[in-house]
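J.: got a predicted model here, sequence first, then my questions.
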Amino acid sequence: MPVSEAVALRAPAVRREPGKLWIVPPAALLALLFFYPLALIARQAFLDDSGIANFAEVIRVLHSRFFLNALINTVSISVAATAGCLVVGLVLALILAFVPFPGSGFIARLIDTFIALPTFLVTLAFTFLYGSAGMLNAGLMETFSLPLPPVDFLYSAWGVILAEVTVYTPFILRPLLAAFSLVDHGQIEAASVLGARPFRIVRQIILPAAVPALIAGGSLCLLLTVNEFGIVLFIGAKGVITLPLLIYGKAIQESAYQVACIIAVVNIALSLGLFGLYRFAAGRLGA
Amino acid sequence: MSAAAFTGTSVMDIDAAKVRGAGSNVHFDKVSVAYGAHVVLHPLTLDIAPGEILAMIGPSGSGKTTALRAVAGFVRPVSGRIRIGATDVTDLPPYERGLGMVVQNYALFPHMRVEDNVAFGLRAQGADKALIGERIKDALGTVGMLAYARRYPRELSGGQQQRVAIARALAVRPRVLLLDEPLSALDAQIRRNMVEEIARLHRSLPGLTILYVTHDQTEALTLADKIAIMRDGRVCSHGPTTELYRRPPNRFTAEFLGRANLLPVTVAEAVGSKGFATARHGDALLTGAGRNEKAGDKSLLCIRPQHLSLTADSEHTNRIVGTLREVHWQGELTHLVLDVDGTPVRVSATRLPIALPEPGAKVPLFFAPADTSLLPEDAGV
């Protein structure tokens, strides 16, 4: 038997699946740019500056007042802002989807443009509107001859919440409008003919159809507000320290890298949990 | 539920007597609907008597659904008034009109069980629990869906969903039931059975006034006491179903409501005391039922395909001769297409001579004067 034939018999041709190796470049890129830095943060969280494992520091940070305050601030502000977004987004979406008026599409697109703007710009605009020397205070002081600005909420947690509601409402509005566009108008008409008034129709027909959209939009909003940095920093409200701001302070201002990384790990865990909720809800919505 | 379940004793007979709404008449008084400059319903004046089924039938865009939606309150007339019973409902919102409605795609609430769908209207109207329970039983019993009360709409077939939609509409004891192409989404077999079921339902609820919008002539002919034929936003004919079918007032009605052969004729002798005129088509002198035709009038003689026979008898005294062009066997019926002096004439026959003529052969056709109707030739509307 010639050698070439023997080789052919012993070694059947290897079937290469075309394109199988294409997974390597994106996986390598993700590992390099995303997973490796995250792993470094996680590693740093459990090592002290000399590279020795230090779990006591983790326990100390997790029980510290500054961390707990930041965690409480982060959760309460993001929950309040998300609730505000849900209410404002729902009302706007109901009007835009079910109250026919000329220009509703234009208004929807206009609201969308907020998504394109940097978050801190809204805060800057708010200082012109609601700041100590803003239009509202100036108008009120002049009208009622007041010695001091009467409206003083901007440099507090309420200012952060209002700015976040303004910035993130479109993230609720979009999925809601998509869900409302799928609601069968025949159901609304049938309900109406059967004697249901508009509020009952919204409560019993429209809202049940929009639950996945509310969960998806709400969890996305919660995710974004938990991680919001620009608005909180720009407003600079006294005593309003959230987890991202605390990480920034510890890492950049105090050079306490292990502490910053411990807090970052908690922040990441919180974010991934919310992201999981968002994906689950978005999956049910069909997004 | 399979199609077989619809056959035999009607499930709609069960307890139907309990679901009786006090039917009201519906009166359209010069009702007109327009979107901007585009008029979709020209001034419509029409009455539906209490307990009557009026079928509005016409091609797409003829205005029939617009008329129904105006009654429901989803379309606001630009002029005219709509009265249901003694109430002028023109300015009332839909939820205050006391109606029931069933639409093509059922519009059941997908997140509610069948019983909650049926109870929806009653709860919206503030009925007490005991009454709601009783009405759910009655309405679902009436349409034979009591066993499915705990199911969700997605767990039902199309026919079952439509039954639930009917039960939901009946549960509120509507003054008028609006049916907007309710069977269009069903397949042919289920649709035929549902038509019979709705007919039985109405016999059980003789007081229920129904406005039935459809583009299906069979549904209209089977169910309706009266038919209004719509075209281009206008009623082009309106009357009792059998009368409209047997004596269509114009060409559009003749052709839209069943198949019609329209033979051009010239009236030879005006309508006599018995309601018949004689008319000439080529060499043939024919007798047909007329209205007020006079000698010399150009007319169309309407003959339904099933009224033409290949054999003569004492009743089939009119005779025309055509050239056989096509033969289509369809099991129960055989359709022949002939050419009678340039006019295509269709014959539908259940029984044919054993030796059927070959295409191209001259074939005599016979028909009874009572089965014909003379129409004015220029009445295209």
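T.: All right, it came through fine.
J.: C-alpha from now on. contacts and neighbour counts both.
T.: OK.
J.: ranges for the helices of chain B?
T.: Under the criterion DSSP state H, chain B contains helices at B:64-72, B:114-124, B:129-142, B:158-171, B:188-204, B:217-223, B:241-246, B:251-256.
J.: out of the ones you listed, which is closest to chain A?
T.: Nearest of those to chain A, taken as CA to the nearest CA: helix B:114-124 at 4.5 Å.
J.: count the neighbours of A:Ile59 for me.
T.: Close neighbours of A:Ile59, defined as other CA atoms under 10 Å in any protein chain shown, add up to 11.
J.: and it, its phi and psi?
T.: Here is the backbone geometry of A:Ile59 (degrees, to the nearest 10): phi -60, psi -40.
J.: so what's the residue of the stretch 1-150 of chain B found nearest chain A up against?
T.: For the stretch 1-150 of chain B, the residue closest to chain A is B:Tyr95, as judged by CA to the nearest CA, at 3.9 Å. Under the criterion of CA atoms under 8 Å, 6 or more residues apart in numbering or on different chains, the neighbours of B:Tyr95 are A:192-197.
J.: cool, A:Ala70 as well?
T.: By CA under 8 Å, 6+ apart, the neighbours of A:Ala70 are A:240-243, A:246.
J.: if we go to 7 Å?
T.: Residues counted as contacts of A:Ala70 (CA atoms under 7 Å, 6 or more residues apart in numbering or on different chains) are A:241-243, A:246.
J.: equivalent analysis for A:Ala264, please.
T.: A:Ile247.
J.: including secondary structure and distance to chain B, could the contacts of A:Ala70 go into CSV?
T.: Formatted as CSV, the contacts of A:Ala70 follow (DSSP: H, G, I helix; E, B strand; the rest coil; distance: CA to the nearest CA, whole Å):
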residue, secondary structure, distance to chain B
A:Ile241, coil, 43
A:Thr242, coil, 40
A:Leu243, helix, 40
A:Leu246, helix, 45
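J.: what lines up beside the longest strand belonging to chain B in the sheet?
T.: The longest strand of chain B (DSSP state E) is strand B:318-330. Strand pairing for strand B:318-330, determined by DSSP bridges: strand B:333-340 (antiparallel), strand B:362-367 (antiparallel).
J.: hey, C-alpha coordinates of that strand in CSV?
T.: Extracted C-alpha coordinates of strand B:318-330, given in CSV (Å, rounded to 0.1, in the frame of the first residue of the first chain):
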residue,chain,number,x,y,z
ASN,B,318,-90.0,30.9,-20.1
ARG,B,319,-87.5,29.6,-22.6
ILE,B,320,-84.1,30.9,-23.8
VAL,B,321,-81.4,29.2,-25.7
GLY,B,322,-77.7,29.5,-25.0
THR,B,323,-74.4,28.0,-26.1
LEU,B,324,-72.8,25.8,-23.5
ARG,B,325,-69.3,27.1,-22.7
GLU,B,326,-68.2,25.5,-19.4
VAL,B,327,-69.2,22.8,-17.0
HIS,B,328,-68.0,22.8,-13.4
TRP,B,329,-68.9,19.8,-11.2
GLN,B,330,-68.7,20.6,-7.5
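J.: tell me how far that strand lies from the chain's centre.
T.: Remark: strand B:318-330 is offset 29 Å from the chain centroid, using CA atoms, centre = their mean, to the nearest Å.
J.: next: stretch B:192-205.
T.: Put simply, stretch B:192-205 sits 13 Å off its chain's centre (CA atoms, centre = their mean).
J.: what of stretch B:147-161?
T.: Distance, stretch centre to chain centre, for stretch B:147-161: 27 Å (CA atoms, centre = their mean).
J.: please identify the buried residues of it?
T.: Within stretch B:147-161, the residues that count as buried by 16 or more other CA atoms under 10 Å in any protein chain shown are B:148-149, B:152-153, B:158-161.
J.: what does stretch A:44-51 give?
T.: Buried residues in stretch A:44-51, defined by neighbour count with 16+ other CA under 10 Å: A:44-48.
J.: then stretch B:90-107?
T.: Residues of stretch B:90-107 classed as buried under the neighbour-count rule (16+ other CA under 10 Å) are B:90, B:93-107.
J.: and of these, the nearest to A:Ile59?
T.: B:Ala107 (57.5 Å; CA to CA).
J.: can you redo the buried residues of stretch B:147-161 as JSON lines with pLDDT and distance to chain A?
T.: Listed next are the buried residues of stretch B:147-161 as JSON lines, based on pLDDT from 0 to 100; distance: CA to the nearest CA, whole Å:
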{"residue": "B:Tyr148", "pLDDT": "95", "distance to chain A": "20"}
{"residue": "B:Ala149", "pLDDT": "95", "distance to chain A": "19"}
{"residue": "B:Tyr152", "pLDDT": "96", "distance to chain A": "14"}
{"residue": "B:Pro153", "pLDDT": "95", "distance to chain A": "13"}
{"residue": "B:Gly158", "pLDDT": "89", "distance to chain A": "16"}
{"residue": "B:Gly159", "pLDDT": "88", "distance to chain A": "17"}
{"residue": "B:Gln160", "pLDDT": "92", "distance to chain A": "17"}
{"residue": "B:Gln161", "pLDDT": "94", "distance to chain A": "13"}
